[in-house]
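Asker: from the sequence below, what's the structure:
(chains A, B, C and D)
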Number of protein chains: 2
Amino acid sequence: MAVVSRYTISLHVLALLAYVAERSSANNHRTSEFIANSVNTNPVFIRRILSVLSKAGLVSVRYGTGAGWRIAGNPEEITFLQVYEAVEEKPLFEYHHSTPNARCPIGAGIQPALKPYYDEAEQAMKANLAKSTIADLLKDTMLFSNMSIEEADRVISVRADS
Amino acid sequence: MAVVSRYTISLHVLALLAYVAERSSANNHRTSEFIANSVNTNPVFIRRILSVLSKAGLVSVRYGTGAGWRIAGNPEEITFLQVYEAVEEKPLFEYHHSTPNARCPIGAGIQPALKPYYDEAEQAMKANLAKSTIADLLKDTMLFSNMSIEEADRVISVRADS
DNA sequence: TCCACTAAAACTAATATAGTTACAGCCAGA
DNA sequence: TCTGGCTGTAACTATATTAGTTTTAGTGGA
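Answerer: Predicted structure coming up:
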């Protein structure tokens, strides 16, 4: 299959929080509900992702009045790879679900033989992910988004957007 | 998630059929049951994969007495990438399951902004897959498999192995 | 102390992968 | 031409994973 949508959502969340941090003058924190509204999903799913990103030091949380999340660190230094490694724990290529037949010459050697090929291909992908940052993504996103800065600022400054 | 085990199984099947073609003197064809026994799964699952590989021209089928499958073409010319493209139809990176909020500056532009990054990373992985062939895999597999050529030949020459 | 928010568990729903059963269809060879 | 061994495919089940929902407890700034 594919790298699951959780990774896309993570990049979305970080781009959003990067924009908020860049443009919002007062409180940079946004609630999981606000973020969920942009992503078009539910706040619990967003919190589950934020919790993982938080462990990787990519976002930080604040409690109490005006609580919520903000990006931790510089968007220009957060790479796609950091995000990938934060949310994807398993290797890219799956092996057999049930171990192959050890009495067959192929079954006996196929898994260790595959490993270097799989590792190298995954590494090639990751090396590419390391080349881009959240700041790059945010810049491109704003180019595609047909929205004036004024309108955009209005949207992201409303902490409990509808 | 990950690239699903179907891809691993496909490489396994092709390495096995390449070995059979290389070493078996008489009938090169092997049944889905024989292959399933090496992979340690069921023949129907194997036939489903073989059917896809067949459409890509990587294996061919024979009916009637002594029926079964064999590798089509030269193992030195079948790359990991050809196998990948035969069995994986969807792009590597998934987008949002439900379209993001178009009224948010990030939601409005994130998907087209992500596309070039995703395409490039997938391309980097595929370029790596194009570098190796079934013949390479077979060679490595035999190195890892602690089995004499005589014993291996004995196993792969039994068309309905237990 | 209040209250808006997070944390986490427990559940449901939807989807994808893989395993199983069953049966019709095909064809090389006798 | 008939037979037997195998493929092709559909229908069903089992299992796992992702995502959505509900609920309850916990946090800490003002």
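
Asker: any idea of the pLDDT on the residue nearest to A:I149 when sequence neighbours are not counted?
Answerer: With sequence-adjacent residues excluded and distances taken as CB to CB, 6 or more residues apart in numbering or on different chains, A:I149 is closest to A:R23, at 7.8 Å. (C-beta placed from N, C-alpha, C; glycine too.) The score at A:R23 is 87. That number is its pLDDT.

Asker: A:A160 now?
Answerer: pLDDT, A:A160: 47.

Asker: contact partners for the residue nearest to A:P100 when sequence neighbours are not counted?
Answerer: Counting by CB to CB, 6+ apart, A:P100 lies nearest to A:G107, which is 3.6 Å off, once chain neighbours are set aside. With contacts defined as CB atoms under 8 Å, 6 or more residues apart in numbering or on different chains, A:G107 is in contact with A:P100, A:N101, B:H12, B:S38, B:V39, B:N40.

Asker: could you identify the buried members of those?
Answerer: A:P100, A:N101, B:H12, B:S38, B:V39, B:N40 (16 or more other CB atoms under 10 Å in any protein chain shown).

Asker: how about CSV for those, with secondary structure added?
Answerer: Shown next, in CSV, are the buried ones among the contacts of A:G107 (DSSP: H, G, I helix; E, B strand; the rest coil):
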residue, secondary structure
A:P100, coil
A:N101, coil
B:H12, helix
B:S38, helix
B:V39, helix
B:N40, coil
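
Asker: now the residues you listed as JSON lines including pLDDT and distance to A:L114?
Answerer: Output for the buried ones among the contacts of A:G107, formatted as JSON lines (pLDDT from 0 to 100; distance: CB to CB, whole Å):
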{"residue": "A:P100", "pLDDT": "96", "distance to A:L114": "11"}
{"residue": "A:N101", "pLDDT": "95", "distance to A:L114": "16"}
{"residue": "B:H12", "pLDDT": "98", "distance to A:L114": "8"}
{"residue": "B:S38", "pLDDT": "96", "distance to A:L114": "14"}
{"residue": "B:V39", "pLDDT": "96", "distance to A:L114": "13"}
{"residue": "B:N40", "pLDDT": "95", "distance to A:L114": "15"}
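
Asker: save the residues you listed as a markdown table, and put in distance to A:K55 too.
Answerer: Listed next are these as a markdown table, based on distance: CB to CB, whole Å:
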| residue | distance to A:K55 |
| --- | --- |
| A:P100 | 36 |
| A:N101 | 40 |
| B:H12 | 36 |
| B:S38 | 41 |
| B:V39 | 38 |
| B:N40 | 37 |
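
Asker: tell me the one among the residues you listed nearest to B:T79.
Answerer: Of all those, B:T79 sits closest to B:H12, with 15.9 Å by CB to CB.

Asker: let me see the contact set for the residue nearest to A:I149.
Answerer: A:R23 sits in contact with A:I149, A:A152, A:D153, A:I156, A:S157, where contact means CB under 8 Å, 6+ apart.

Asker: by neighbours, which of those residues wins?
Answerer: Within the contacts of A:R23, most neighbours by other CB atoms under 10 Å in any protein chain shown means A:I156, with 22 neighbours.

Asker: residues of chain A that sit close to DNA strand C?
Answerer: With CB under 7 Å from any atom of the strand as the criterion, chain A comes near DNA strand C at residues A:1, A:31-33, A:43-44, A:47, A:50-51, A:54, A:61, A:63-65, A:67-69, A:94, A:97-98, A:159-160.

Asker: filter the residues you listed down to the buried ones.
Answerer: A:T31, A:S32, A:P43, A:R47, A:L50, A:S54, A:G68, A:W69, A:E94, A:R159.

Asker: would you map the strands across chain A?
Answerer: Secondary structure of chain A, counting by DSSP state E: strands at A:59-62, A:68-71.

Asker: hey, where'd the helices end up in chain A?
Answerer: Ranges of helices in chain A, per DSSP state H, are A:5-23, A:32-39, A:43-55, A:80-87, A:105-129, A:134-144, A:149-157.
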